[in-house]
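S.K.: here is a sequence with its predicted model. Questions after.
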Amino acid sequence: MSREAEYLVFAAERYRFAKGLSGAQVAELFAKYGVPKFILDSFELFHIESDQNMIAAVDEFIERRKASLAAAPAAP
């Protein structure tokens with residue numbers, strides 16, 4: 001497993017623990033909002049940051065994605 005993939009698993013577990021969610025809930029949330037790509041794209045920064053900073057960045061990303069999806073016009 002690559003360092004990036006290991007970090008993605010670590011990040012999901014830290015997020016799960018911080019938010020009191022199940023693994024399935026985190027998997028669903030991350031898939032719905034594209035969080036794995038965000039984490040992997042930010043790997044170089046996140047792996048040297050604190051867990052709290054990574055969790056805050058993921059929360060902010062999810063909120064931006066929610067707003068973006070809510071503002072998008074519905075498909076015909």
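M.R.: Structure received. Numbers count the residues shown, from 1 in each chain.
S.K.: rounded mean pLDDT for the longest helix belonging to the chain, please.
M.R.: Using DSSP state H, we find that the single longest helix of the chain is helix 51-71. In this model, helix 51-71 carries a mean pLDDT of 94.
S.K.: mind giving me the packing neighbours of that helix?
M.R.: Here helix 51-71 touches helix 3-19, helix 23-33, helix 35-41, helix 43-46, going by 3 or more C-beta pairs under 8 Å, 6 or more residues apart in numbering; DSSP states H and E. Where you see a C-beta, it was placed from the backbone N, CA and C, and this is true even at glycine.
S.K.: would you tell me which of those gets closest to I55?
M.R.: Smallest distance to I55 across the helices and strands packed on helix 51-71 (C-beta to C-beta): 5.1 Å, for helix 3-19.
S.K.: okay, buried residues for that closest one please.
M.R.: Neighbour counts over helix 3-19 (16 or more other C-beta atoms under 10 Å) mark 7-8, 11-12, 14-16 as buried.
S.K.: how about the contacts made by V58?
M.R.: Residues in contact with V58, defined by C-beta atoms under 8 Å, 6 or more residues apart in numbering, are 11, 15, 35, 38-39.
S.K.: pull out the buried positions in the longest helix of the chain.
M.R.: Buried-residue list, helix 51-71, by 16+ other C-beta under 10 Å: 54-55, 57-58, 61-62.
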